[in-house]
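> I'd like to go over a predicted model; first the sequence, then the structure.
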Amino acid sequence: MARTSNRTILSTLLGGFLLLPSAPAFADVVLEPNIVKGQARFSNTNPTIVALLQQLGMGWARVAATSTSPSGYQSNTNATLGTLLSRSFELSAESGAGGPGGVTYNLSATGYLYAAAPYTATGEYWFQTVGGVVLQPVAQQPGGTTADIADCIGLVHVRFGLDPQCDTPLVINDGKINTSYGKSTFQNSSEHYILQLGGTSETRSLSITTGNDPTQNTITFEFPLDLHPSCDEIQEICIDMSPYQGGGGGALGALTGPFDVLGEIEQDQTHIRANFGPSGNLRYGDFVPPEMPEASPATWWTLPNMVPGDYWGYARGLVRTGRLTTELITPRMGPGTPAGPMTVQSGVTSDLQQNIGGQLRYPFVMKPARFHGGILLADPFVAAHPGAYSSLSALWFSADPPWSSTYPAGTTIRAVDVDTWGGYSTTSFEGNFDPATGALSSVYEQLVVNTYDIPTQWRQQGLMLGFHDPAAQRQGNLTLQRDSTDHLLAPGDAAIIDHAYCFNEVELPYSITSGLLFYPQAAVTGGHNGTDWQGNATTYTASGSFYGWPETQATAATNGVVRLALPQGTYTLQPGASVVSSSGAVSTATFAQTTLELGCGQRVSVSPGLSVSAQLPLCATSAAPDITGSVASSGNPVDRIWYQLNGGPEIDICASGCGADPTFSAPVNLAACGNTIQVFASSGGQTASVTTQTTWEDPDDGVDCDGSCEPPPPPPGDACATVSTYPLACSGGDGGYEVTIKISNDTDQPIAHVLLPDPHVSPNVVTLPTPLQPGEGTTVTVNVSGVNPGAGFCLDVGMTNASHEECCSQSVCFEIPACCFSVVGEKTSCIPGAPGGEFNYSFKFENRTLDTIEHVFIFPPSGVAVWPQYVDVPPTPPGDIAHVGGLSFAGATPGEELCVTVGIHDEEMNECCAEEVCFTVPEPCGENGLVAEATAKSMPAESCSVSAAGTSRGSLAGLVLGLAAALGLARRRRR
């Protein structure tokens, strides 16, 4: 009988037999706030200063609470009531997380200054933190608690004049200063007051800018100020500006040059910027037409009237149109960068031309390289349930109405150069989510440009998804970054990075025990490392923020909801909301984190204190597969577990007395083609559920199901094998890598031998334990050495039968990852006369990261001391060797194997990784003075690079290393 096919894109999405963990339901966010009241105030009593603070003081203040026990809770509020010397606050913060004993907080405040100053100024004062503020639940502390934040400040009065006594005042166009206690700017004034914590002393630079147009004529001067006012004291400073009139002497210079992205048509305007020059000088400009070819000097950009010296700088431009518009920012020029600085010469207009590789080049005439690949965002639940909603329908693109923006935003793909961390590329792609197929399927091309066309290491930061559909209560953003996305790209190079994710819908309810809430939100971090819904090994991270309802204070309520779209993986959610107290005061607070695990195309319902997880094959191999799973009930007895198939009657899995935190297994009698199964659990009056689906393709009914799980047709007779690799693993101290190759035999002959003809690979011949029969699969693991991190590597994989009379081959390519370091030499020595356990240690390591290492930290286990704990090594580029010497240990046990955690960092402490180094503690020195022989073992760890949109890179890395000893990452090993 002939069979008709009505397949959709889900035919490929749902192919194969995959066990996908379903998403557990999890406890909703219950806010249990109480109130901290107090004042952020200046405690000054000097009448002169009090009078000045009536002009210079706070228009308002922002007060923040950060928990210390238990940690993880934050809240902040705006204090608008009071005077310029004192602002009253009422702050709602989590009080129940620590039980009846409450939550302990640190309080901090920022005062926003110069509310009534007689000249134009803005600024902040950062109050000293007040610790140990205990906030208990309302039942234990009905009125909340009270705490003041108070500082006595001194004033620094800076005057500007044309003589050493400032008797002839000079009006300054613009000035600014940052101190340890605040920051401020002022305009068009001959004086400025700086608020400083009384009794402190520091030297800070005051920047003064003359001129009125940063594109043409501004010049900045820096003056070091010694700030040392006492409490209730005014410190006077006069700055004689007479030597700086007329530009401060010396001829100015200029920069000029072409801008051209070769092969592309530039759009809108081109921005050229030179920053951080002498004394912080800068110059920038926006130029039209945006394309300024090398052959047309009359069209070139020019930055005029610049103070001579070295600058950091870049160019920014747009190419292409619509969703394919690409914003390009060049890698930074500057001291120490591959391109060098933008150097301004006195009295000269410089074109920045350099000899690069024997060719004269301009910095911003560039042939682009590119990332490209496929986009697949799937939600098979929608295809299986017509009329169901997916947040993938809420994706927004800035090129589309109503935004119609020139620059890409919303749903984008972004890349950054990791040589200077200044180059960027942002673009998007065509296509929309199709409910009929349950997917958005598209392709993208992302251009990047290199200053002077110098090959540059680029990292695709990820796929940024923007969600916006207020009618469906979907609002938020999510960044998905795949593993191993660093590529060294020269002009014209291309690197393939595909993005494929299967999404789920999560509903996170909020409730509050006192007061009202609005604008609930949830910050998300997590990802997936394992097999995805298509059966492919994959690793990616996810981070983002989602926002919910009610949106405004006018609609505040006791309940709210945040709806999230998340792909397969495990996630941590950090909830937060704006809270309105009974008095009407508004605070923004964060609350207890929660975690969840998600599969593919699932819908998660929520119930407090109860969660359900289930496993079911996405493509069933029989009409009655078992659905298995567990119920997490926090130790409480579960009353009942049941399921519904395709909306039918309730079928008990466990009718009563199911026990605490039970597991379950039950057969499900499937209908032909698509099936939806919802599993429920009840406990203590609460019900949780999770929904998943499976497809049963009955081989005897003659029907070809939509989303077919039918296996693909057999390969043609001349097929060889399907070959791929798992992500590479660093193989420890030898500087090599372990590569696991997956082979599926598509021939009609058994494969007995795998041949790898490459000198970097060992072994070159792998004889399989048993011949690999046609249609079967296996893996082989080999070592790869002598290759550079970040490089691409292609390997021919040959296969033969036992007689070597039948053979074929396939090629497989992969990226060589960065590792951390390997120990290449070490020495332990006892200290003559010292007790046992006190000894010296030194070692050499090879830098296996992609960064230049300059800092090394040592973390011994508890009870063992080391000094110094920090070593400043000379700059060590990738592949070079550094020496860490002069380490002295105490508190160890002679003869034991001691393991310490060693963390290495780049110069700016933004890139880091850590490894464990183990060695034998020498015996105490005897009369013969012999030193015990040491051994070492280094366990590999990948180099880490921590970044998030809107945060400082590396902030988590330092915390991880700092906790190494406390959490037992450094340890002892007994003989």
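Thanks, I have it.

> hey, which helix is longest across the chain?
helix 47-56 (DSSP state H).

> dump the C-alpha coordinates for that one into CSV.
Only the C-alpha atoms of helix 47-56 are listed here, as CSV (Å, rounded to 0.1, in the frame of the first residue of the first chain):
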residue,chain,number,x,y,z
PRO,A,47,26.8,76.2,61.1
THR,A,48,28.9,77.3,58.0
ILE,A,49,28.9,73.8,56.6
VAL,A,50,25.2,73.2,57.5
ALA,A,51,24.4,76.4,55.6
LEU,A,52,26.4,75.2,52.6
LEU,A,53,24.7,71.8,52.7
GLN,A,54,21.4,73.5,52.5
GLN,A,55,22.5,74.3,48.9
LEU,A,56,24.9,71.4,48.1
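
> where does pLDDT dip in the stretch 651-800 of the chain?
Applying pLDDT under 70 to the stretch 651-800 of the chain flags the ranges 706-719, 727, 729, 731-735, 788-792.

> quick one: the strands in it?
659-660, 663-667, 673-683, 686-696, 721-725, 729-730, 737-745, 751-755, 761-762, 765-772, 777-784, 792-800 (DSSP state E, counting those that start in this stretch).

> repeat that for the stretch 501-650 of the chain.
516-531, 537-547, 559-567, 569-580, 586-590, 594-598, 603-604, 611-617, 619-620, 626-632, 637-638, 640-645, 650-654.

> tell me which of those strands sits nearest to residue 822.
strand 537-547 (22.8 Å; C-beta to C-beta). C-betas here are computed from N, CA, C, even on glycine.

> give the buried residues for the closest one.
By 16 or more other C-beta atoms under 10 Å, the buried positions in strand 537-547 come out as 538, 540, 541, 542, 543, 544, 545, 546, 547.

> from these, which single one is nearest residue 772?
Distances from residue 772 to the buried residues of strand 537-547, taken by C-beta to C-beta, are shortest for residue 538, at 24.6 Å.

> check contacts around the residue nearest to the closest one when sequence neighbours are not counted.
Nearest residue to residue 538, sequence neighbours excluded (C-beta to C-beta, 6 or more residues apart in numbering): residue 532, at 4.6 Å. Neighbour list for residue 532: 500, 501, 502, 538, 568 [criterion: C-beta atoms under 8 Å, 6 or more residues apart in numbering].

> nearest to residue 474, of these?
residue 501 (16.7 Å).

> that closest one against residue 480, yeah?
Yes: assessed by C-beta atoms under 8 Å, residue 501 is found in contact with residue 480 at 6.2 Å.

> tell me which of the two has more neighbours.
The residue with more neighbours, out of residue 501 and residue 480, is residue 501; 26 against 22, by other C-beta atoms under 10 Å.

> got the contact list for the more buried one?
Contact analysis of residue 501 by C-beta under 8 Å, 6+ apart lists 376, 377, 378, 480, 532, 540, 567, 568.

> let's go with 6 Å and repeat that
Residues in contact with residue 501 (C-beta atoms under 6 Å, 6 or more residues apart in numbering) are 377, 567.

> any idea how far residue 538 is from it?
In this view, residue 501 and residue 538 are 9 Å apart by C-beta to C-beta, to the nearest Å.

> now residue 842
From residue 842 to residue 538 the distance is 41 Å (C-beta to C-beta).

> repeat that for residue 404.
Computed as C-beta to C-beta, the residue 404 to residue 538 distance reads 35 Å.

> can you pull out the low-pLDDT segments for the chain?
The model of the chain has pLDDT under 70 over residues 1-29, 246-249, 606-611, 634, 706-719, 727, 729, 731-735, 788-792, 926-975.

> mind giving me the domain ranges of it?
With automatic domain parsing serving as the domain definition, the record reports that the chain contains domains spanning 33-151, 152-249, 253-363, 369-578, 605-696, 721-815, 821-973.
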